[in-house]
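Enquirer: What follows is a predicted structure for the sequence shown.
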Amino acid sequence: MSGLSDCHNISDLRSLGKKRIPGTIFDYIDGGAEDEVTLRRNRDSFNKYEFVPRVLRDVREIDLSTTVQGVDIDLPLLSAPTGMSRMFHHKGERAVVKATHQHGTAYCLSTVSTCSIEEVRETSPGPLFFQIYAWRDQAIVDDFIERCKKSKYAGLMLAVDVPVLGKRERDLRHGHGTSKLRRNTALAALSKPAWLFNYLTSPAWRMANLVNHLPHGAKTTEVIDDVNNQFDASVTWDDAAKMLKAWGGPFVLKGVQSVEDSIKAVALGASGIILSNHGGRQLDGAPTGFDILPEVVEAVGSKTEIIIDGGIQRGSDVIKAIALGASACLIGKPYLYGLAAGGEKGVYRAYEILKSEMIRVMQLIGCTSIRDLDKSYIKKID
Ligand SMILES: Cc1cc2nc3c(=O)[nH]c(=O)nc-3n(C[C@H](O)[C@H](O)[C@H](O)COP(=O)(O)O)c2cc1C
């Protein structure tokens, strides 16, 4: 496989991305918590269902467009918030937001991004969401809310599945959070000359949203420690309610993992929930968003928007989720593999692959609009 045009599915993009960046960094994208059981289940859960295709219908035109949190998008897929994107490609979040918007959909910026709220807004005028944490330092949270308002972000996504960081053992082995990471990455980078050249000739990585809040001159490892110290294990529903009030716009809880909490989110007034286990990076043994989707749809589907993520690597995965009642899906790893494989063009390719797969599946099941998809198009395999 030599280039992006030879990548015919997300797995091909993953292989190309793996070739192009140091292994210590590839594992940060690719890995999950502990035994990575949840990481694997995220992929496997989609295979529990098969389609119920209808034939002899005119399927020349397929409409994938929909609306999420009041934002019109051309396909039911958004870019999930992922931290530290400049590690994977020197253009980082700027490359991702451009390619995402070229496909007519929305980008969600992570709190721990390497380009700031404002830089991402300046890069592209399309729809943006901001993933926020309820952190120890309320002044930081207030600052983020004000900056998102000024930069016209469409909504906030409060990540509720990170009271503490998950135990990601690939990262621990590589020395994340210690100076060992620097040495291991430097060694691994020797065989990735293009990545190394861009790293050495680009400005140093930084937690762009936090620069004004961190000690001047702090090193990357100290910054990561500082950020890790900000995760607040005492955050409760009351904190979420305060944040919703301060923001006053579309407000989505990201990382809901039970029917009970979905009902609480509705009571809170959240305009949406994301059923997510953080891509298998937090609690190993957590349910997959796709597995709990039917029961959550039954409990709150008429009261709030339900989005899922985790393990989506085929257009058919998205179509199955929509048929079960999701409004849209997020992808994390698929576009990061693309970013590692080829920057903006690689992210563009990830979307191109998934979009063409979605269209083909819709044609093969005989459904012309995702607004017409329902449970009758899929069946659980016994
Ligand atoms: C490298 C990486 C970094 C991530 N960083 C964040 C983050 O900063 N904030 C967040 O809410 N979720 C983060 N996530 C989780 C994603 O938003 C999303 O829930 C997950 O990637 C979806 O699963 P998938 O990777 O299988 O598509 C990250 C995921 C990855 C792979």
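Expert: Thanks, I have it. Numbering: from 1, shown residues only.
Enquirer: Give me the helices and strands touching the longest helix along the chain, please.
Expert: Scanning the chain for the longest helix, with DSSP state H as the assignment, gives helix 333-365. With contacts defined as 3 or more CB pairs under 8 Å, 6 or more residues apart in numbering; DSSP states H and E, the packing partners of helix 333-365 are helix 10-20, helix 23-30, strand 49-51, strand 77-79, helix 92-102, helix 315-323. To be clear about C-beta, it is placed using only N, CA and C from the backbone, and glycine gets the same treatment.
Enquirer: repeat that with 6 Å
Expert: If contacts are counted by 3 or more CB pairs under 6 Å, 6 or more residues apart in numbering; DSSP states H and E, helix 333-365 sits against helix 10-20, helix 92-102, helix 315-323.
Enquirer: The helix or strand of the chain with the lowest mean pLDDT: what's the following helix or strand?
Expert: Least confident element among the helices and strands of the chain, by mean pLDDT, DSSP states H and E: helix 220-230 (a mean of 58). With elements assigned by DSSP states H and E, the helix or strand that comes after helix 220-230 is helix 237-247.
Enquirer: rewinding a little: can you list the helices and strands packed on helix 333-365 in JSON lines and add distance to residue 153, mean pLDDT and mean neighbour count?
Expert: Converted to JSON lines, those look like this (distance: least, CB to CB, whole Å; pLDDT from 0 to 100; neighbours: other CB atoms under 10 Å):
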{"stretch": "helix 10-20", "distance to residue 153": "28", "mean pLDDT": "98", "mean neighbour count": "20"}
{"stretch": "helix 92-102", "distance to residue 153": "12", "mean pLDDT": "98", "mean neighbour count": "24"}
{"stretch": "helix 315-323", "distance to residue 153": "24", "mean pLDDT": "98", "mean neighbour count": "26"}
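Enquirer: TSV please, covering those and showing distance to the ligand.
Expert: TSV is the format used below for the helices and strands packed on helix 333-365 (distance: least, CB to the nearest ligand atom, whole Å):
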stretch	distance to the ligand
helix 10-20	10
helix 92-102	11
helix 315-323	10
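Enquirer: Relative to the ligand, which residue of this structure is the closest?
Expert: residue 332 (2.1 Å; CB to the nearest ligand atom).
Enquirer: so who does that residue touch?
Expert: Contacts for residue 332 were tallied using CB atoms under 6 Å, 6 or more residues apart in numbering; they are 80, 82, 279.
Enquirer: cool, and residue 160?
Expert: Contacts for residue 160 (CB under 6 Å, 6+ apart) come out as 253, 255.
Enquirer: Distance of the residue lying closest to residue 294 once chain neighbours are set aside relative to residue 372?
Expert: Using CB to CB, 6 or more residues apart in numbering and skipping the chain neighbours, the partner closest in space to residue 294 is residue 324 (5.7 Å). To residue 372, residue 324 is 14 Å away according to CB to CB, to the nearest Å.
Enquirer: next one: residue 332
Expert: 28 Å.
Enquirer: What of residue 303?
Expert: Residue 303 is 22 Å from residue 372, by CB to CB.
Enquirer: Got phi/psi on the residue nearest to residue 209 when sequence neighbours are not counted?
Expert: With CB to CB, 6+ apart as the criterion, residue 209 has its nearest non-adjacent residue at 5.4 Å, and that residue is residue 116. Backbone dihedrals for residue 116, given as degrees, to the nearest 10, come out at phi -80, psi 170.
Enquirer: burial of residue 116, as a residue count?
Expert: The number of residues packed near residue 116 is 20, by other CB atoms under 10 Å.
Enquirer: wait, it sits on residue 208?
Expert: Yes - under the criterion of CB atoms under 6 Å, residue 116 lies in contact with residue 208, with a separation of 3.9 Å.
Enquirer: Where does pLDDT dip in this protein?
Expert: Applying pLDDT under 70 to the chain flags residues 1-2, 215-229.
Enquirer: What parts of it come near the ligand?
Expert: Neighbours of the ligand within the chain, by CB under 6 Å from any ligand atom: 28-29, 42, 80-83, 110, 112, 131, 159, 254, 276, 278-279, 281, 309-312, 330-333, 336.
Enquirer: Recalculate using a threshold of 5 Å.
Expert: Residues of the chain lying close to the ligand (CB under 5 Å from any ligand atom) are 29, 80-83, 110, 112, 131, 159, 276, 278-279, 309-311, 331-333.
Enquirer: So which of these sit within strands?
Expert: 131, 159, 309, 331 (DSSP state E).
Enquirer: beta partners of the second one?
Expert: Looking back up the chat, that one is residue 159. Going by DSSP bridges, residue 159 is paired in beta bridges with residue 254.
Enquirer: tell me the contacts of it?
Expert: 131, 133, 254-255.
Enquirer: Surely residue 115 and residue 91 touch.
Expert: No - taking CB under 6 Å as the definition, residue 115 is not a contact partner of residue 91, at 8.9 Å.
Enquirer: Many thanks, I have nothing further to ask.
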